[in-house]
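# Predicted model, plus sequence, below.
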Amino acid sequence: MKKDRHTIIAELIENNVISTQEDLLRMLNAAGVSVTQATVSRDIKQMRIVKQAAPNGVYKYCLPRAKADSENAKYMAILAGAVEHTDTAMNTVVVKCHAGTAQAACAALDSMDLPEVAGTIAGDDTIFVLCYTQEDAAVVRAKLDEMFGF
């Protein structure tokens, strides 16, 4: 029930200018969701909803971005400083790194949320990127090679 309510809240925030908890509460009630102001307040906190200025200067509720640009830049810097070259072995991309940097680089790769990737594992200087298919591995390797100019 809470998950459904959070989905409705996200849709309302994406499609409307909502400036107050009272506005959100009214819209939820209009959508057939019976909640209290205290529940709305908890939902806002749990969903990490923030207020931001709209182009017209009015503050409105906004959903948090999945990844901030500064966070992505940080991950790219880690990867750029760690990765030496890539290779593939069937449906696995092998990422060779400088000694001691593979785990940090692996965490950065994980943050990229690549849909072709089933999972990763890192040692000291090597990352194995397990992909769903050989074609997915080729796509991931091409993405990585393009990012690093290989």
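Perfect, thanks for sending it. Numbers count the residues shown, from 1 in each chain.

# C-alpha only now, for contacts and for neighbours.
Noted.

# Just confirm Glu135 is within a helix.
Yes: the assignment for Glu135 by DSSP: H, G, I helix; E, B strand; the rest coil puts it in a helix.

# Look up the closest residue to it, ignoring the ones flanking it.
Taking C-alpha to C-alpha, 6 or more residues apart in numbering, and ignoring the residues beside it in sequence, Glu135 has Asn91 as its nearest neighbour in space, at 7.4 Å.

# same question, Leu79
Here the residue nearest Leu79, using C-alpha to C-alpha, 6+ apart, is Ala105, at 5.1 Å.

# Can you check my assumption that that neighbour lies in a strand?
No: Ala105: not assigned to a strand; according to three-state DSSP it is helix.

# Contact partners for it?
Tyr75, Ile78, Leu79, Ala82, Val83 (C-alpha atoms under 8 Å, 6 or more residues apart in numbering).

# Turn these into JSON lines, including pLDDT, secondary structure and neighbour count.
Converted to JSON lines, those look like this (pLDDT from 0 to 100; DSSP: H, G, I helix; E, B strand; the rest coil; neighbours: other C-alpha atoms under 10 Å):
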{"residue": "Tyr75", "pLDDT": "73", "secondary structure": "helix", "neighbour count": "20"}
{"residue": "Ile78", "pLDDT": "79", "secondary structure": "helix", "neighbour count": "19"}
{"residue": "Leu79", "pLDDT": "80", "secondary structure": "helix", "neighbour count": "23"}
{"residue": "Ala82", "pLDDT": "90", "secondary structure": "helix", "neighbour count": "22"}
{"residue": "Val83", "pLDDT": "91", "secondary structure": "strand", "neighbour count": "22"}
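
# can you give me the helices in this structure?
Secondary structure of the chain (DSSP state H): helices at 2-15, 21-30, 37-46, 69-82, 102-111, 134-148.

# and the second one, what does it pack onto?
Okay, so that is helix 21-30. The elements that helix 21-30 packs onto, with contact taken as 3 or more C-alpha pairs under 8 Å, 6 or more residues apart in numbering; DSSP states H and E, are helix 2-15, helix 37-46.

# What is the neighbour count of Ala142?
Ala142 has 15 neighbouring residues, counting by other C-alpha atoms under 10 Å.
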